[in-house]
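In: Give me coordinates for this.
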Amino acid sequence: MAPARGYSPLRRFRDNGPEQVGTMTTPMPEAIVEVYGPAPHVETDWLVLTGIPADRTGTGRFVSHIVRDLTTKGRQDVRILCAPLGHRIPDADLERAVRAPNFLLLHPQFFGRREAIEIMERRAAAGRRSHYYVLDSSFFCATSYNHLQNEVQPCLRCLGGRMEVGQATGCRPMPVEDGFGYEFIQRLHALGRDGHVTFFVQNYNHGRLARMQFGPRADIQEVGLWCGDWDDVFDDFEHGRLSEEQQTVDVVYHGHPSYAKGIMWIIGLATRLPQVSFFLPISREVFQGEIPPNIMMLSLSWESGLAQLMRRAKLVAVPSLWSASIEGALAKSIVSAHAVATVHASTAFSSELPEGLIARLSPDLNQAASQVQKLVAESWRPDPALKSRFISAFAGFHRQVVDRILPPVSAPVMAQPARPIPQDPPLVIGDPSAMLREVGLLRPFFPRRLPGHVLTEGRPLRFADLHSFYFQFQQIFNEKLYAFDPAEPAPYILDCGAHIGLASLFFANQYPGCEIEAFEADPALAVLAAENLKNFGVNQARVYAAAVWSHDQGVVFSGAGDDAGHVSADGQGGRRLPSVRLRDWLERGRRVGLLKMDVEGAEYTLIPDCGEALRAVDRMIIEVHHLEDSQGRVGDILGVLSAQGFEYMLVDLHQATWEKGRKPPFGVLQTDKDLVTVLAWRKNKNNA
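Out: Below is the predicted model of the structure:
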């Protein structure tokens, strides 16, 4: 294969350029650019520091989406600063980053790894957590893309903090060779291992590598990715605007011209398939040496014709050879192209995709040539229903990435659905037993914390974790655990710990005239709850992205999208989110027909704090958790309820055998950890 030309460290990496963009060997001028923010004198809750502005590069498109999302929502609590390549961050702005209440880091390779690590270390010393959105493999690989030029699989030699292996291999820090690449990873490893940094990763395998690098104490959250140009791409698909084009080329390469992205691999493939036509949207000047005659080359961007050309190809190849996270090239190709092929890598996002959605090629070029020849000859395409379901689920989760990485911390916000949904009459959830059978068949094979949806009555019911969804749906809709006789025909209901909105949806269908205020701490789940309620025409419910707590000063919340998200008792290991004081809501002078509470241990703080304010409540449903020795016991809750005039019964007791506990001296008991639901009601009809 002819080697790619232009890997000089002095060449800038543009849309179709080489990976290494510069060296940092001489003093640099100071510069900072404000990408987004309120007036300069206004203090913000979040400070974001990025090495790449909002532009048409991959990361730049992500920054563009962040800016658009914040602008649309009128957010004035975030400031985004960009240090341009080749410039040093002014000292005053470094100090702002150290002192900021909440700090998010994006692509530090461009503005300086040394400055980035010093900011995070100083914040850790002051007891302030840093947040790092990880875009590539730079948290364990100095080259940013963990791939060696002569290999066809991702390189994991340095994973786990073994930087001496990379140094011995001769890998140079990229995309900027600043002489600090290896030390940055070593010091970041210490910060992550000790829990001082929250790492935002894009997908499951990305998080798996991060856990292997930083260990069990690290705070790693899967948040997704969405870029500024994806809205139009996905909307074109959803609205049927992608026309059927006449096929004029066999294979189109979609990616940057770098070894890690598979440019030389695809050229090697073309040499083995002289009868198959290839198109590379790259300038011929990038390469030296001979190019096979079956390869056409022309510099094209997505906007200048690549999108249309992909529709005319039998197969679009995105052959990344590193542990690729969610690449824009792959996401847009799956949506826009007829068929997509990747090179199989078990640590890449592509390995998480449903079987049959893409063609997985062997890394071995001879085997891959046979596969591609067959795919092209048969004009293979994925099942349209499978493709549609994946695209809908992918967009439903990833569009909300800004809510996950930059949640408001000063005040709760009303959660809105991901996109406008027509206001139709309320629909009743279909046969719960049939739904459970369908979901039960999927559950053993569906990965944890992978978002998706199920259809009922023709409407999508979205979830963030199928395992949690299954058991919640079983309890709420099949067993009707939350059914009650209201003291008034149209009760006012407070749903605390709303998750994806199943309880609120049940209440709205059972009690058509009710009014619901729902609270969910995890902002991504709050968005799903709002969307599910809108999907089923529920207009009498308001969803707030806030935790219920004993004050309204914000809480540290730890969650990963399943049903175990909780307020951190010691204020560590999570991110700061807005809170509301539940007692304040009970003291507004309005009768509460039902207070439902599933708050993962926060009930031990909430019930005593509410105290006499509970006299405004007619009925209560409380899931009581005893999963840790530091938590109270159900008797603590019952004592408060009795004092405030409630009768109660305990139902739905479960031994929490999945938690580490002690074996009691009874054969029927396997652990001293448990979950139980308390149903409480006032002792007389006058609510005395």
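
In: now the helices: where do they sit in the stretch 1-150 of the chain?
Out: 58-72, 91-99, 108-111, 113-125 (DSSP state H, counting those that start in this stretch).

In: which stretch among the ones you listed comes nearest residue 678?
Out: helix 58-72 (39.9 Å; C-beta to C-beta). (C-beta placed from N, C-alpha, C; glycine too.)

In: what's the angle between the helix or strand containing residue 190 and helix 113-125?
Out: Element membership for residue 190, per DSSP states H and E: helix 181-193. Orientation of helix 181-193 against helix 113-125 (axes from the mean of the first three to the mean of the last three C-alpha atoms, to 10 degrees) gives an angle of 20 degrees.

In: then whichever helix or strand comes after helix 181-193 to CSV, C-alphas only?
Out: Counting by DSSP H and E, the next helix or strand C-terminal to helix 181-193 is strand 197-201. C-alpha atoms of strand 197-201 as CSV (Å, rounded to 0.1, in the frame of the first residue of the first chain):
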residue,chain,number,x,y,z
VAL,A,197,-13.2,13.7,37.6
THR,A,198,-16.5,12.8,36.0
PHE,A,199,-15.9,11.3,32.6
PHE,A,200,-18.7,11.7,30.0
VAL,A,201,-18.4,8.9,27.4
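
In: Okay, now the sheet partners of strand 197-201, with direction.
Out: strand 130-133 (parallel), strand 219-222 (parallel) (DSSP bridges).

In: Now do residue 486 against residue 513, distance only.
Out: To residue 513, residue 486 is 10 Å away according to C-beta to C-beta, to the nearest Å.

In: okay, those two: which has more neighbours?
Out: Using other C-beta atoms under 10 Å, the more surrounded residue of residue 486 and residue 513 is residue 486, with 18 against 11.

In: The more buried one and residue 619 touch, don't they?
Out: Yes - counting by C-beta atoms under 8 Å, residue 619 is a contact partner of residue 486 at 7.2 Å.

In: Can you check which residues contact both of these two?
Out: Contact criterion C-beta atoms under 8 Å, 6 or more residues apart in numbering; residues shared by residue 486 and residue 619: 593, 594.

In: For residue 112, see how far away residue 87 is.
Out: Where residue 112 is concerned, residue 87 sits at a distance of 9 Å (C-beta to C-beta).

In: and residue 372, what does it touch?
Out: By C-beta under 8 Å, 6+ apart, the contact list for residue 372 reads 251, 269, 273, 276, 315, 317, 341, 361.

In: list the helices and strands the helix holding residue 190 packs on?
Out: helix 113-125, helix 163-169, strand 197-201, helix 204-214 (3 or more C-beta pairs under 8 Å, 6 or more residues apart in numbering; DSSP states H and E).

In: Could you dump the ones you listed into TSV with mean pLDDT added?
Out: TSV is the format used below for the helices and strands packed on helix 181-193 (pLDDT from 0 to 100):
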stretch	mean pLDDT
helix 113-125	94
helix 163-169	77
strand 197-201	94
helix 204-214	90
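
In: The closest residue to residue 309 other than its chain neighbours: what's it in contact with?
Out: Closest residue in space to residue 309, ignoring its immediate chain neighbours: residue 252 at 6.0 Å, by C-beta to C-beta, 6 or more residues apart in numbering. Listed by C-beta under 8 Å, 6+ apart, the contact set of residue 252 reads 278, 279, 281, 306, 309, 310, 313, 315, 316, 317, 337.

In: domain ranges for this protein?
Out: 22-222, 230-383, 407-418+428-682 (automatic domain parsing).

In: possible to save those domains as a markdown table with distance to residue 389?
Out: Compiled in a markdown table, the domains of the chain are given as follows (distance: least, C-beta to C-beta, whole Å):
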| stretch | distance to residue 389 |
| --- | --- |
| domain 22-222 | 18 |
| domain 230-383 | 8 |
| domain 407-418+428-682 | 8 |
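
In: Quick one: closest of those domains to residue 391.
Out: Nearest to residue 391, of all those, is domain 230-383, at 5.9 Å by C-beta to C-beta.

In: Quote the end-to-end distance of the closest one.
Out: Criterion C-alpha to C-alpha, to the nearest Å; first-to-last residue distance in domain 230-383 is 22 Å.

In: Determine how far that domain lies from the middle of the whole chain.
Out: Between the centre of domain 230-383 and the centre of its host chain there is 25 Å, according to C-alpha atoms, centre = their mean, to the nearest Å.

In: Am I right that residue 494 is in a strand?
Out: Yes - assigned with DSSP: H, G, I helix; E, B strand; the rest coil, residue 494 falls within a strand.

In: how close does it sit to residue 397?
Out: Computed as C-beta to C-beta, the residue 494 to residue 397 distance reads 27 Å.

In: Same check on residue 591?
Out: 38 Å.

In: Between those two, point out the one with more neighbours.
Out: The neighbour comparison of residue 591 against residue 397 (other C-beta under 10 Å) goes to residue 397, with 26 against 12.

In: just checking, what packs against the helix or strand that one falls within?
Out: When elements are assigned from DSSP H and E, residue 397 belongs to helix 384-398. Judged by 3+ C-beta pairs under 8 Å, 6+ apart, the packing partners of helix 384-398 are helix 230-238, helix 328-336, strand 452-456, strand 459-463, helix 523-535.

In: helices or strands next to the last one in the packing?
Out: Using 3+ C-beta pairs under 8 Å, 6+ apart as the contact criterion, the secondary-structure elements in contact with helix 523-535 are helix 384-398, helix 401-405, strand 459-463, helix 502-510, strand 515-520, strand 541-545.

In: what angle sits between that helix and helix 384-398?
Out: Using the same axes, to 10 degrees: helix 523-535 against helix 384-398 is 120 degrees.

In: how far does helix 523-535 sit from the chain's center?
Out: With C-alpha atoms, centre = their mean as the basis, helix 523-535 stands 15 Å off its chain's centre.

In: got the angle between it and strand 492-496?
Out: Using the same axes, to 10 degrees: helix 523-535 against strand 492-496 is 150 degrees.

In: try the fourth one
Out: Taking the same axes, to 10 degrees, one finds strand 459-463 and strand 492-496 inclined to each other by 40 degrees.

In: partners of strand 459-463, with directions?
Out: Paired with strand 459-463 in the same sheet, following DSSP bridges, are strand 452-456 (antiparallel).

In: Now the partner strand: buried residues?
Out: Going by neighbour count (16 or more other C-beta atoms under 10 Å), the buried part of strand 452-456 is 452, 453, 454, 456.

In: contacting residues around residue 333?
Out: The neighbours of residue 333, taking C-beta under 8 Å, 6+ apart as the test, are 254, 310, 316, 318, 340.

In: So which of those residues sit within strands?
Out: The members of the contacts of residue 333 that map onto strands under DSSP state E are 316, 340.

In: got the contacts of residue 333 as CSV, with pLDDT and distance to residue 538 columns?
Out: What follows is the contacts of residue 333, written out as CSV (pLDDT from 0 to 100; distance: C-beta to C-beta, whole Å):
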residue, pLDDT, distance to residue 538
254, 97, 41
310, 92, 40
316, 98, 41
318, 98, 40
340, 98, 37
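
In: which residues touch the residue nearest in space to the middle of the chain?
Out: With distances taken as C-alpha atoms, centre = their mean, the residue of the chain nearest its centroid is residue 223 (1.6 Å). Applying C-beta under 8 Å, 6+ apart, we find residue 223 in contact with 133, 200, 201, 202, 401, 404, 405, 524.

In: which one in these is the model shakiest on?
Out: Lowest pLDDT within the contacts of residue 223 is found at residue 524 (82).

In: re the thing from before, point out the most buried one among the helices and strands packed on helix 181-193.
Out: The highest mean neighbour count among the helices and strands packed on helix 181-193, using mean count of other C-beta atoms under 10 Å, belongs to strand 197-201: a mean of 24.

In: Run the angle between it and helix 204-214 for me.
Out: Angle of strand 197-201 versus helix 204-214, following the same axes, to 10 degrees, is 150 degrees.
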